[in-house]
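In: One predicted model, sequence on top.
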Amino acid sequence: MGKDVPQRGFTREDRAHYRHKVRQCLDAFELMLTEFHFEADRPTTGLEIELNLVDAEAQPAMRNAEVLDSLADPTFQTELGQFNMELNVQPRLIADDGFCQYERELRESLARADDRARKNDANLVAIGILPTLTQAHTVLENLSSNPRYRVLNEQIVTARGEDIELDIRGVERLQTFADTIAPEAACTSVQFHLQVSPETFANYWNAAQAVAGVQVAVGANSPYLFGKELWHETRIALFEQATDTRPDELKAQGVRPRVWFGERWITSIFDLFEENVRYFPPLLPITDDEDPAEVLRSGGVPRLSELRLHNGTVYRWNRPVYDIMDGRPHLRVENRVLPSGPTVADMLANAALYF
């Protein structure tokens, strides 16, 4: 959820207006799927890689602001914790030497970022969960400075109405409580993007669902959390629990979690966006002045800002994406199941298997 949001509270009117705008966006999106030409002639791929910063003793280093300021590179951004960063790799075709291009860019970008990190007494580490992380590191004070993280934390905790329970049973058992979503900062992932046409989206998304178990089996590298040996890929359970807006009573009623795998095959990308609107209350009811129906009538491409923002706060392991590039809309499957790292070769091998 990369959208910047202001530090503010939300009124009942904000929520009612947002719900109305989201449904307007959904109606416009449904029309677009039948009447618009989406960019899909030369389908590109993309990578996002979340990283950790550590100090000389491999402890989390709360220095992402300093490192990013030193980098001055828009491809690197903040993530939830001050010990996190994210690299957005330039999208490209994977035909011919696409993976070699990815490797060169990744190695160059990570080397440059690590050099800047060293100048700020830190190092980069790519791994799903830092083994040295403790609960003392995952507190509100260590969230990144961008206001959107504080706002998101406030909305999730308020929606839940009580502390967040972490109860993960693996080789050992971790059972604890948190009063913020900061433990989610422990989860760092690599995300694969695949641009597809509206006609083929359902097949690609269903296929991504089908291979997710295999992906995790070959890519797991996060067995430790807060000093406990848990799952081979503890990140899965941690992310699901650390951002869960449901108290126990809603879980017992079968209310869907905001981090979820899904429950059925789909026939259209519209199925997923419609589920998001039907099942999940808004966390960040922020609206703009766009009238998507009017934009469509005038021959333009609507931003669908509210629908996209809402989609960004429903954390599917395979997420649908609507975006606009150079004035043309396109659709992507965003695959989110794998941990970051541990090496460039590992991440690209995992990417090759997925694609």
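Out: Here it is on my side, so go on. Residues are numbered from 1 along each chain as shown.

In: And Pro285, which helix or strand is it part of?
Out: Under the criterion DSSP states H and E, no helix or strand holds Pro285.

In: State the distance from Tyr149 to Leu124.
Out: Spatial separation of Tyr149 from Leu124 under the definition C-beta to C-beta, to the nearest Å is 20 Å. C-beta: built from backbone N, CA, C; applies to glycine.

In: Phi first, then psi, for the spatially closest residue to Ser70 that is not a sequence neighbour.
Out: If the residues on either side of it in the chain are set aside, Ser70 comes closest to Arg116, at 4.3 Å by C-beta to C-beta, 6 or more residues apart in numbering. Main-chain dihedrals, Arg116, degrees, to the nearest 10: phi -70, psi -40.

In: So for the helix or strand harbouring Ala217, what gets flagged as buried?
Out: When secondary structure is defined by DSSP H and E, Ala217 falls within helix 198-219. Residues of helix 198-219 classed as buried by neighbour count (16 or more other C-beta atoms under 10 Å): 198, 201-202, 204-206, 208-209, 212, 215-216, 219.

In: How about residues contacting that helix?
Out: Identification of contacts with helix 198-219 by C-beta atoms under 8 Å, 6 or more residues apart in numbering yields 33, 38, 40, 194, 196, 233, 236, 261-262, 265-269, 271-272, 317-318, 320, 331, 333, 335, 337-339, 346, 350, 353-354.

In: let's see 7 Å
Out: Helix 198-219 is contacted from outside by 33, 38, 194, 196, 233, 236, 262, 265-269, 317-318, 320, 331, 333, 335, 337-339, 350, 353-354, using C-beta atoms under 7 Å, 6 or more residues apart in numbering.

In: If any of those residues are buried, put those into a ChimeraX selection.
Out: Selection of buried members from the contacts of helix 198-219 for ChimeraX, criterion 16+ other C-beta under 10 Å:
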select :33,38,194,196,233,236,262,266,268,269,317,318,320,331,333,335,337,338,339,350,354
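
In: from the contacts of helix 198-219, which ones fall inside strands?
Out: 194, 196, 318, 320, 331, 333, 335, 337-339 (DSSP state E).

In: Pick out the most distant pair among those residues.
Out: Farthest apart among the ones in strands among the contacts of helix 198-219 by C-beta to C-beta are Leu331 and Pro339. That separation is 25.7 Å.

In: Tell me how many other residues surround Glu35.
Out: Residues near Glu35, counting by other C-beta atoms under 10 Å, number 8.

In: And it, how far from Asp323?
Out: Using C-beta to C-beta, we find Glu35 at a distance of 18 Å from Asp323.

In: my read: Gln82 touches Val67, true?
Out: No - the pair Gln82 and Val67 does not pass the contact test of C-beta atoms under 7 Å, sitting 10.1 Å apart.

In: before we move on, what SS does Ala293 have?
Out: Three-state call for Ala293 (DSSP: H, G, I helix; E, B strand; the rest coil): helix.

In: count of residues packed around the nearest residue to it once chain neighbours are set aside?
Out: Across the structure, with C-beta to C-beta, 6+ apart as the measure, the residue nearest Ala293 apart from its sequence neighbours is Ala28 (5.8 Å). Taking other C-beta under 10 Å as the neighbour definition, Ala28 ends up with a count of 21.

In: hang on, Ala28 is in a helix, isn't it?
Out: Yes - going by three-state DSSP, the assignment for Ala28 places it inside a helix.

In: Now for it: which residues touch it?
Out: With contact taken as C-beta under 7 Å, 6+ apart, Ala28 is in contact with 292-293, 296, 302, 304.

In: can you rerun that using 8 Å?
Out: Contacts for Ala28 (C-beta under 8 Å, 6+ apart) come out as 292-293, 295-296, 302, 304.

In: which stretches of the stretch 51-200 of the chain have low pLDDT?
Out: Low-confidence regions of the stretch 51-200 of the chain, defined by pLDDT under 70, are absent; no residue qualifies.

In: residue ranges for the strands of it, please.
Out: Using DSSP state E, counting those that start in this stretch, the strands found in the stretch 51-200 of the chain span residues 76-78, 84-92, 123-125, 164-169, 173-178, 189-196.

In: Among those strands, which comes closest to Pro247?
Out: The closest approach between Pro247 and any of the strands of the stretch 51-200 of the chain, judged by C-beta to C-beta, belongs to strand 164-169 at 9.5 Å.

In: and the closest one, what does it pack onto?
Out: Using 3 or more C-beta pairs under 8 Å, 6 or more residues apart in numbering; DSSP states H and E as the contact criterion, the neighbours of strand 164-169 among helices and strands are strand 173-178, helix 234-242.

In: tell me the most buried of the ones you listed?
Out: Most buried of these by mean neighbour count (mean count of other C-beta atoms under 10 Å) is helix 234-242; its value is a mean of 22.

In: farthest pair in the buried residues of helix 198-219?
Out: The largest separation in the buried residues of helix 198-219, counting by C-beta to C-beta, is between Pro198 and Gly219 at 29.2 Å.

In: which ones are touching Leu106?
Out: For Leu106, the residues meeting the contact criterion (C-beta under 8 Å, 6+ apart) are 47, 49, 87, 89, 344, 347-348.
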